[in-house]
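Peer 1: Here is the input, now give the coordinates:
(chains A and B)
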Amino acid sequence: MSVGDYLIALAAVCAFGVAFVRTVGASRWSREVISSAARILSLLTFAIVSCALCFLAYLFMTSDMSYLYVWSYSSSDLSSLYKLSGVWAGASGSFLLWIWFMTLVLAVEVMLEPRRSYLTRKFHALFQAAASGIIFVFLLLLFGMDLFAGTNEFLLAHYPDGWGMALILQTPEMIVHPPVVFAGYAFCVAALAAAVSYYLSGDRNWFMVSLPWARLAWIFLTLGIGIGAVWAYYVLGWGGYWAWDPVETASLIPWLIATAFLHTQMRHSRKSEYGVLSPALGMLSFVAVLFATFATRAGGIWSHSVHVFDGGQYEDSGLDRLVYLLRGDDTVLGLFSVMILMLALSIYLAYAKYSKTPRFEEPPEPEKLSGYISDRNNMLLMVALLLVTCAVMLLIMFKNVDVSQSDNYDELNSKMSLFFVVLMVSMTICLVWKMLGKDIALWLGIGLIAASALVGSVLAMADVTSWLVGFSLPSYVVAVGASAVRLARSRVAGSLRKTFHSAGPHIVHLGVALILVSYVVSSELQQLPGEIQGDSEPAASVVHLGEELSVGDFTIVLTDLDVRVEHMTSGSTVISEARDATFDILRSGEVIREDVVVTDLYSYSMGSAEVVDVEVFIYKSALRDLYFSFQWLNETSVILDAKTVPMMNALWLGLLLVVVGISVRTLAWQLEPKNTEAGPQGGKMPPSPKPVEADAEQSGLRPS
Amino acid sequence: MEGPGNPAAPAVDAARPRTPSSSSRRKKRRTLIVLGIIAVALVVVIWGWSSTGREFMDVSYLVEAASADPQQYLNNTFELQGVATEWSGPSDMEFVLVDRADPSKSIDVTMNGAYPAGFENNKGMVVAGVLDSVSPLHLTGTEITIGCASKY
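Peer 2: Numbers count the residues shown, from 1 in each chain, chains lettered A, B, ... in the order given. Prediction:
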C-alpha cells in the first residue's frame, strides 16, 4: 500500500465517523460533543481527500511512472498543464476528484452550520450523515479501484517515460471538461442529502440548503454538456456536437431532472407546494448522476456507444453484457448497487411522506379549459413533461442497446422533438398568460401545436426540406420571442438586484429556446458538397490539385499537397509523418481565406501505421460554419469531407445565456437581505425567500 | 376577477363544504384523468418502444447471410462491426475488416471517406458503407467510427 492508499482509507474512516456520530451517537453523547466531533471529522475528511488529490497531482507533476495510473495517462514530455489534467484523465482519478468535490460540499455545510440557525439540529445531523455516508461508500469504491497501484517492470522497461495521453485529449477542453462535469455531479449530493434530511426531519427550510447547491450543480451540468459539445465539434472532428450517444443521453437526464427539481424548489420555497415530489426529485437528480456515470463506465452495454471503455464484449444481448460487466468490474457493480439503493430509498421516502400528508380540498373546478392555466398548474405541467421526457429517453436508450448509431440518432432526434415541442409550447404559455390572458395563451398553445403538425406534415409530403424543421421551428421560434419579451419586461424600478432576480430565469428560458432552434437547424439543414468543378472522378468528394469543391456558397480549392517527416513524441506515440493540404476558400466567388494549411498526423510504430490526428478546419461566419477535413489519397488528390453547418454561433450563444441566466439568478438570490426574525422551528428565519408558515399541513399539499 | 395582470392565486380552501354531487363529479373527473393518464402512458410506451432501428451487424453474420442469399444484401447499406487489419498507411484506402469473435470471417473494405483519428490495425470499429460485391465480399465504406479516446 502506498501513501495514497493510506490517505483514502483514513478519509473513509473519518467519513464513516461523521455518519456514525450523527446517527448512532445522537442518543449517546451530548449535542456539543456530537457537533464538535462531526465538524472535526468532516473537515478531516475534506483535508485528507485534498491531500490524496494533491499527492496524485504531485505524482503527475513529477512524472513518477512507478504508479500505473500516472504511467497510463501521462508522459515525461507533457507540458505541466496536461500533466496536471492527467489526474482526471482516467476513471479512478476522476472518481477521486468527484469525491473531493463532495467532501467540499460537506465541509462548507459544516462550516455554515452555526450560521444556518433557521434549520433544526436534526436537519443538520441528517444532512451530514447522508452526505458523509455517500462519501464513505464512494471512498470504498475508490479503494477497490486501486488508484495508487504500481507499474510492473515490463511496462516500465518498454515505455519508461509513460504510455502518455492521447494527442486528441491534449486540448484546453480536456483540462476543463471533466472537473466541471464531476463538480456538477458532486453538488447533486447536497440535493440528495437535503432531501433525505427533509423527509426524515420535516424541516421545511431545507430548500435553503438544497436550492443554492442545486443551482450550482445545474450551472456545472450545463457547462459540462456545453464544453463536451464544443470539444466534439472543434477538436474531435466528429462533424457534430450532439450524437445522442448513450453517454450523452445519460448526461442529459440528470440535467432534465435537476431542471424539474429547480422548478419545484421555486414553488416549494414560495408556496409550500411539492412537499413530496420536490425532495424526491432532489434524490433522483443524484440517482440520475449515478446512472450517467454508470452509462459511461459501462458503455459496453450499448454496442453503438463511442464511449466504450473496455473494447466491448461479444455477448449477444445488452442484458448479457450488463451481467458480464457487473461480474467483471467491482466499480460498475458498486455504482449500480448504490444507484438501485438510492432509487429504492427515494421511492420509499416519497411514499412514506405522501401517506402521512393530510389531504386538502381541491380548488373549485374551472368552468372552461383556459381556467386551468395558473402558476401552480403550469409548473405541474412543466415538471410532468420534463419527467416524461426523461422516461422516454431512458426507454429508447434501453430499447436501442443493439441498434446502429445512425438509427439510434434518427430515432431519438425525431421522437424527442415531440417532447421538446410540447415543452416549448408549455413554456410559452407559462411566459405569456399573464400578459395576454388565459384564453389567448391557451389558443396560442393550440395554434402552435397545430402549426407544428401542419408545417411538419406539409414538408414531409412535399419532401422540400426536413419535416423536423417545419415541425419544431414554430414553437421554438415563438418560445424565443416570448422569452425575449419577458426578459425585456423584467426590469424592476429602483432595484438592480430585483431586476437581476427577475431577469435570470428569462435569460435561461431564452437560452434554452435558442439552443433548440439552433439545434434543429444546425442538425437538419447542413449543406453537403455539390458537383466537382473540372476534370474529376465521379466520387463527389475526391479533389485533385487545382480542383474545387462547392459546399453551399463556399468553394474550397485544393492548391498544394505536401508530405513532411515529423519527429514528435507523445508518450508511447511517435509521430513520424505529417501530410499537409493547402486550400483557398472562396465565398460567392470571392476569396475569403488563402493558403489554409490543414494537417493530418501519422505514426508508424512496430510496423503498423496509425492516424494520430485529423485536423478540422472551421471557417466561422455569422450564420453558417464551413467545416472540413481531408483524407490523403496520393501526391495529387485527397478526399474532402466538407459541409456547412448553420446557426452554430446561435447555439453557443444559447449555452452562454443559460449559464449567465442561472448565475445571475443565483447571485441575486444570495444577495437578498437577511431576515433575522424568529422562525417557526425555534431557530431563525432563513434569509430568503420567506419560510413557509407554521402549519405543517401545507408542506405536502395534495388533493383529497 | 381573473384576467391579464390579475391572476388568481392557487385557491386552497380547507373550510369549503363538500356536497354529494360535487364529490361524485370529482370522482368521475378523477377516474377520467387517471384513465387518460394510463392511455397516454401506454401510447408513449408503445410509441417509444416501437423499433425503427437496424441492429449492428457483425462481419461473420454478413459473410454467412450474404453467401446464402446474395441478392437480399447486395447494394444495401450496412453498419458493420469488426477489427481493421492489413492497412498499410495513410494512402492505403483498402483494408480488411475481420470479425471480432471469428477471425476466419472477413470482408474487404475500400474507403471512400476520411479515416478518423485513432484508426489503426487491430482496432475495433464500425464501418458504414454499401455492399457492392458478394463474390468476393466487398464493402465501399463511407464512414468509420471508433471509440472516443476519453477514459474518465
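
Peer 1: count of neighbours near residue 31?
Peer 2: Just going to use chain A. A:Arg31 has 10 neighbours, counted by other C-beta atoms under 10 Å in any protein chain shown. From N, CA and C alone the C-beta is placed, and that goes for glycine too.

Peer 1: nope, chain B please
Peer 2: Other residues lying near B:Thr31 total 10 when counted by other C-beta under 10 Å.

Peer 1: Could I get the average pLDDT for the helix or strand it falls within?
Peer 2: Following DSSP states H and E, one finds B:Thr31 within helix B:20-49. In this model, helix B:20-49 has an average pLDDT of 78.

Peer 1: Remind me what that helix packs against, helices and strands.
Peer 2: For helix B:20-49, the packing partners by 3 or more C-beta pairs under 8 Å, 6 or more residues apart in numbering or on different chains; DSSP states H and E come out as helix A:375-399.

Peer 1: now the helix it packs on against helix B:20-49, angle please.
Peer 2: Using axes from the mean of the first three to the mean of the last three C-alpha atoms, to 10 degrees, the inter-axis angle of helix A:375-399 relative to helix B:20-49 is 30 degrees.

Peer 1: Helix A:375-399: which residues count as buried?
Peer 2: Under the neighbour-count criterion of 16 or more other C-beta atoms under 10 Å in any protein chain shown, helix A:375-399 has A:375-376, A:378-383, A:385-397, A:399 buried.

Peer 1: circling back: going by neighbour count, list what's buried in the helix holding B:Thr31.
Peer 2: Burial within helix B:20-49, assessed by neighbour count using 16+ other C-beta under 10 Å, is assigned to B:Arg26, B:Val44, B:Gly48.

Peer 1: pretty sure the second one contacts A:Thr389?
Peer 2: No - counting by C-beta atoms under 8 Å, no contact exists between B:Val44 and A:Thr389, whose distance comes to 10.2 Å.

Peer 1: And for the following helix or strand past the helix holding B:Thr31, what's in contact with it?
Peer 2: Moving toward the C-terminus from helix B:20-49, the first helix or strand encountered (DSSP H and E) is strand B:57-58. By C-beta atoms under 8 Å, 6 or more residues apart in numbering or on different chains, the surrounding residues in contact with strand B:57-58 are B:Phe78, B:Glu79, B:Leu80, B:Gln81, B:Gly82, B:Asp99, B:Arg100, B:Ala101.

Peer 1: so who does A:Phe291 touch?
Peer 2: Listed by C-beta under 8 Å, 6+ apart, the contact partners of A:Phe291 are A:Ala250, A:Ile253, A:Pro254, A:Met339.

Peer 1: how does chain B divide up, domain by domain?
Peer 2: Domain ranges of chain B: B:18-53, B:57-145, per automatic domain parsing.

Peer 1: By residue count, tell me the biggest strand in chain B.
Peer 2: strand B:124-134 (DSSP state E).

Peer 1: That one pairs with which strands, parallel or anti?
Peer 2: Based on DSSP bridges, the pairing partners of strand B:124-134 within the sheet are strand B:77-85 (antiparallel), strand B:137-145 (antiparallel).

Peer 1: buried ones in the first one?
Peer 2: With burial defined by 16+ other C-beta under 10 Å, the residues of strand B:77-85 counted as buried are B:Phe78, B:Glu79, B:Leu80, B:Gln81, B:Gly82, B:Val83, B:Ala84.

Peer 1: nearest to A:Arg121, of those?
Peer 2: Lowest distance from A:Arg121 to these (C-beta to C-beta) belongs to B:Gln81, with 57.9 Å.

Peer 1: you'd agree A:Gly654 is up against A:Leu514?
Peer 2: Yes - at 3.4 Å, A:Gly654 counts as touching A:Leu514 under the criterion of C-beta under 8 Å.

Peer 1: ok, those two, which is more surrounded?
Peer 2: A:Leu514 (26 against 22).

Peer 1: quick revisit: can you list the strands paired with strand B:124-134 in a markdown table and add mean pLDDT?
Peer 2: Listed next are the strands paired with strand B:124-134 as a markdown table, based on pLDDT from 0 to 100:
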| stretch | mean pLDDT |
| --- | --- |
| strand B:77-85 | 88 |
| strand B:137-145 | 89 |
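
Peer 1: A:Glu109: which of those strands is closest?
Peer 2: Comparing the strands paired with strand B:124-134 under C-beta to C-beta, the one sitting nearest is strand B:137-145, at 43.9 Å.

Peer 1: Send me the closest one as CSV with only the CA atoms.
Peer 2: Presented in CSV, the C-alpha positions along strand B:137-145 are these (Å, rounded to 0.1, in the frame of the first residue of the first chain):
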residue,chain,number,x,y,z
LEU,B,137,-17.4,-9.8,-50.4
HIS,B,138,-16.6,-6.1,-50.8
LEU,B,139,-17.9,-3.1,-49.0
THR,B,140,-17.4,0.5,-50.1
GLY,B,141,-17.0,2.4,-46.8
THR,B,142,-18.2,5.9,-46.3
GLU,B,143,-17.7,6.4,-42.6
ILE,B,144,-15.7,4.8,-39.8
THR,B,145,-16.5,5.2,-36.2
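
Peer 1: Any chance you could list what contacts that strand?
Peer 2: With contact meaning C-beta under 8 Å, 6+ apart, strand B:137-145 is reached by A:306, A:405, B:62-63, B:66, B:78, B:80, B:97, B:107-113, B:115-116, B:119, B:125-132.

Peer 1: Can you tell me which of these are buried?
Peer 2: For the contacts of strand B:137-145, a burial check counting by 16+ other C-beta under 10 Å picks out A:306, A:405, B:62-63, B:66, B:78, B:80, B:97, B:107, B:109, B:111-113, B:115-116, B:119, B:125-129, B:131.

Peer 1: after the strand or helix carrying A:Leu84, next one along is what?
Peer 2: Per DSSP H and E: A:Leu84 is located in helix A:80-85. Next along the chain after helix A:80-85, taking DSSP H and E as the criterion, comes helix A:91-112.

Peer 1: Flag every buried residue along that following helix.
Peer 2: Neighbour counts over helix A:91-112 (16+ other C-beta under 10 Å) mark A:91-107, A:109-110 as buried.

Peer 1: which residues touch the nearest residue to A:Tyr159 once chain neighbours are set aside?
Peer 2: Spatial nearest neighbour of A:Tyr159, excluding adjacent residues (C-beta to C-beta, 6 or more residues apart in numbering or on different chains): A:Ser572 at 5.2 Å. Taking C-beta under 8 Å, 6+ apart as the criterion, A:Ser572 is in contact with A:Ser75, A:Tyr159, A:Gly162, A:Trp163, A:Gly164, A:Ser605.
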